[in-house]
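Peer 1: next one to model:
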Amino acid sequence: MAIRERITSARERHQQRFSRAAKTNCFARMATRHFKQHCKLDGDSHELICVAMIELNLSASAYDRILKVSGIIADLESKTDT
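Peer 2: Predicted structure coming up:
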């Protein structure tokens, strides 16, 4: 799939996902309270990010940014379980 098509598809997915949120239309504008709903991690992923947070001494805002970027990447790859 061409890059433009993947981006268009990801933007459409964002619009559908955030259609009920008044000020949110993409991961970048997502509030922290939306993470549990839109950025679900499986056990291995959660363990990996916890280890990274400890080893790299990352902040809570870094954790939020990691989840936002991972959601964008998942949308670009057309993953349904973001």
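
Peer 1: and residue 50, what helix or strand is that in?
Peer 2: Secondary structure here is read from DSSP states H and E; on that basis residue 50 sits in helix 43-55.

Peer 1: tell me the predicted confidence for the closest residue to residue 21 other than its chain neighbours.
Peer 2: If you skip the residues right next to it in sequence, residue 21 has residue 34 as its closest partner in space, 7.2 Å away by CB to CB, 6 or more residues apart in numbering. (Glycine included, C-beta is placed from N, CA and C.) Here the pLDDT value assigned to residue 34 is 72.

Peer 1: please apply the same query to residue 54.
Peer 2: Model confidence at residue 54, given as pLDDT, is 94.

Peer 1: give the buried residues for the helix holding residue 50.
Peer 2: If you call a residue buried by 16 or more other CB atoms under 10 Å, then helix 43-55 has these buried ones: residue 49.

Peer 1: following element in sequence after it, please.
Peer 2: Next in sequence after helix 43-55, counting helices and strands by DSSP H and E, comes helix 60-76.

Peer 1: what comes up buried for that following helix?
Peer 2: So for helix 60-76, counting by 16+ other CB under 10 Å, buried means 63-64, 67-68, 70-72, 74-75.

Peer 1: which residues of the protein score low on pLDDT?
Peer 2: Along the chain, segments meeting pLDDT under 70 span 1, 25-27, 38, 79-82.
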